[in-house]
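Visitor: Pasting a predicted model and its sequence here:
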Amino acid sequence: MDTSSARLGSLGGRLIISTWLPSGSEGAHTMAITEFFPGIKIVDSDTHWTEPHDLWTSGAPAKYRDLVPQIREHNGKRKWVVNGDIPIAGDSAVSAIGPDGEKMLGLKFLKHDIEMVHAASYDCDARLELMDAMGVSHGIVYPNVGGFGNQNFLKVEDRALRIACVEIYNDWMADLQARSGGRILPMALVPWWDIDASVLEVDRAHRNGAKGIVMCSNPHDSGMPNFAQPDWRPFWEICEALEMPVNFHIGASEGDIDWSGKVPYDTWSGDVKISLGGAAIFLGQLRWMVNLLVSDVPERYPNLNFVSVESGVGWIPFLLDALDYQCGETAPEHLAHLSMKPSDYFRRQFYGCFWFESQTLAPAIDHIGATQIMFETDIPHPTCLYPRSVERVRDAIGSLDAPTQKRILQDNAAELYKIDV
């Protein structure tokens, strides 16, 4: 047995992290990431929340109570449905942490609903205890049910109901943020299918304490203008003015999900398909990224920030090299109206988040700079850093100098999301 490996279990409903120590030592003790990085307040830039079944119904006005997202039986299976009978998600809690604190491997998590996973997946106090055990100071939170880009609500024709779904979610999450003492920080949804409504919701969410927003990565797939068109300028303007980072999580559009789902061969088993599709989906981020980098958006809004969430960073240096070269060779007239190369806009305004990487992290830091990289765990999703967060972080950045470690683990996210650490 590896004496430095971490084991997580449950004691009275409370998650604990302990370490097996060599024979003759005084026994196990609680281990956290901060034991290896003292003096650093670690900000986890990507976590997820398992939405309670009454999240929307508890906050819905009477006319929408039967129409907002809720768990119902649909074709013999329990699913999240909206507008009464439109399925938008399965009833899986999308959590790989079992009630006993053990991590579920493979596809077991798909069969576990909210009553079959650990409370840290959906309960404020339990999540704070897990964060304390792991040595995490603050956690940025992304959704499940509405889709990683809030794209699932587009299945509803009634625009007023769509917006109600967004507002109720944001209000519930604002309350969660308050209950956590500002340590759990959900990113707000926006009704991206309506630019005017999105502007209003960004302002409302900001007034309610939100630190950033969740955005659909490719709204033009659904008939909206693409991000390079002037239609979006009011949206970019308010996000910049209110210092609300625009976060693009992997799988934040139907096109991204469809593409990654088609990558694996049909003959593979389900576990191989989800593994290959999950690895491929990271690269789906390049679609929104390259288009924004050669648009006039970063040029026009130099204080507006964009985040590539849960996508890793090792592939980004190659992409930026390719983009600079390709545009320089085949689109020099287009670049002439911009003051910088695409890669320079990235280094000024774009961020990437890493969690499992080790060998590709150092080259990424050298190429795009430590100031543009943040740390995440992806708790409690299947590929999250659980229970080996300590080893992963230590192996990835343990050899870096202390200021660089602090910048990646704390300062970048704290500055970007205006977190008082």
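Guide: Arrived safely.

Visitor: Can you list the low-confidence ranges for the stretch 301-421 of the chain?
Guide: Residues of the stretch 301-421 of the chain meeting the criterion pLDDT under 70: none.

Visitor: What segments of it are strands?
Guide: For the stretch 301-421 of the chain, strands defined by DSSP state E, counting those that start in this stretch occupy the ranges 306-309, 350-354, 373-375.

Visitor: Other residues contacting the longest one?
Guide: Outside strand 350-354, the residues that touch it by Cβ atoms under 8 Å, 6 or more residues apart in numbering are 45-46, 245, 289, 293, 305-314, 316, 361, 364, 368, 372-376, 396, 412, 416. Where you see a C-beta, it was placed from the backbone N, CA and C, and this is true even at glycine.

Visitor: try it again with 7 Å
Guide: Contacting residues not belonging to strand 350-354 are listed as 45-46, 305-313, 316, 361, 372-376, 412, 416 [Cβ atoms under 7 Å, 6 or more residues apart in numbering].

Visitor: send the alpha carbons of it over as PDB?
Guide: The C-alpha trace of strand 350-354 is given here as PDB (Å, rounded to 0.1, in the frame of the first residue of the first chain):
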ATOM      1  CA  PHE A 350      -8.500  34.400 -21.000                       C
ATOM      2  CA  TYR A 351      -8.000  31.700 -18.400                       C
ATOM      3  CA  GLY A 352      -7.800  28.000 -18.400                       C
ATOM      4  CA  CYS A 353      -8.400  25.500 -15.500                       C
ATOM      5  CA  PHE A 354      -6.400  22.400 -14.700                       C
END
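
Visitor: Tell me the strands beside it, with direction?
Guide: The pairing partners recorded for strand 350-354 under DSSP bridges are strand 306-309 (parallel), strand 373-375 (parallel).

Visitor: what number of residues lie near the nearest residue to D321 once chain neighbours are set aside?
Guide: Computed as Cβ to Cβ, 6 or more residues apart in numbering, the closest residue to D321 that is not its neighbour in sequence is S343, at 7.4 Å. Here the number of neighbours of S343 (other Cβ atoms under 10 Å) works out to 21.

Visitor: again, but for the one 10 residues further on
Guide: Using other Cβ under 10 Å, C353 has 25 other residues around it.

Visitor: same question, the one 4 residues further on
Guide: Residue neighbour count, defined by other Cβ under 10 Å, stands at 17 for E357.

Visitor: for it, what are its contacts?
Guide: Here E357 is in contact with G312, V313, G314, A396 (Cβ under 7 Å, 6+ apart).

Visitor: how near is it to I97?
Guide: Distance, E357 to I97, by Cβ to Cβ, to the nearest Å: 22 Å.

Visitor: now swap in L176 and tell me
Guide: 18 Å.

Visitor: More neighbours: which of those two?
Guide: Neighbour tally, L176 and I97, criterion other Cβ under 10 Å: the higher count belongs to I97, 29 against 17.

Visitor: and that one, what does it touch?
Guide: Contacts of I97 (Cβ under 7 Å, 6+ apart): K103, V117, H118, A120, S121, P380, Y386.

Visitor: These into CSV, with extra columns for secondary structure?
Guide: Listed next are the contacts of I97 as CSV, based on DSSP: H, G, I helix; E, B strand; the rest coil:
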residue, secondary structure
K103, strand
V117, coil
H118, coil
A120, helix
S121, helix
P380, coil
Y386, coil
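
Visitor: export those residues to TSV and tack on neighbour count and distance to W193?
Guide: Output for the contacts of I97, formatted as TSV (neighbours: other Cβ atoms under 10 Å; distance: Cβ to Cβ, whole Å):
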residue	neighbour count	distance to W193
K103	18	37
V117	22	32
H118	27	35
A120	26	33
S121	26	29
P380	26	29
Y386	26	35
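
Visitor: how many neighbours does A252 have?
Guide: Residues near A252, counting by other Cβ under 10 Å, number 28.

Visitor: Can you classify it by secondary structure?
Guide: Under three-state DSSP, A252 comes out as coil.

Visitor: Three-state assignment for the spatially closest residue to it that is not a sequence neighbour, please.
Guide: Of all residues not flanking A252 in the chain, G149 sits nearest, at 2.8 Å (Cβ to Cβ, 6+ apart). When classified by three-state DSSP, G149 comes out as coil.

Visitor: do you know how far the spatially most central residue of the chain is from C124?
Guide: The residue lying closest to the centre of the chain (Cα atoms, centre = their mean) is D46, at 4.2 Å. D46 sits 18 Å away from C124, going by Cβ to Cβ.

Visitor: Kindly report the same for R72.
Guide: To C124, R72 is 26 Å away according to Cβ to Cβ.

Visitor: Looking at the two, which is more packed in?
Guide: For the pair R72 and C124, the greater number of neighbours falls to C124 (19 against 16), based on other Cβ under 10 Å.

Visitor: any idea how far that one is from F248?
Guide: 26 Å.

Visitor: now do H381
Guide: With Cβ to Cβ as the criterion, H381 and F248 are 17 Å apart.
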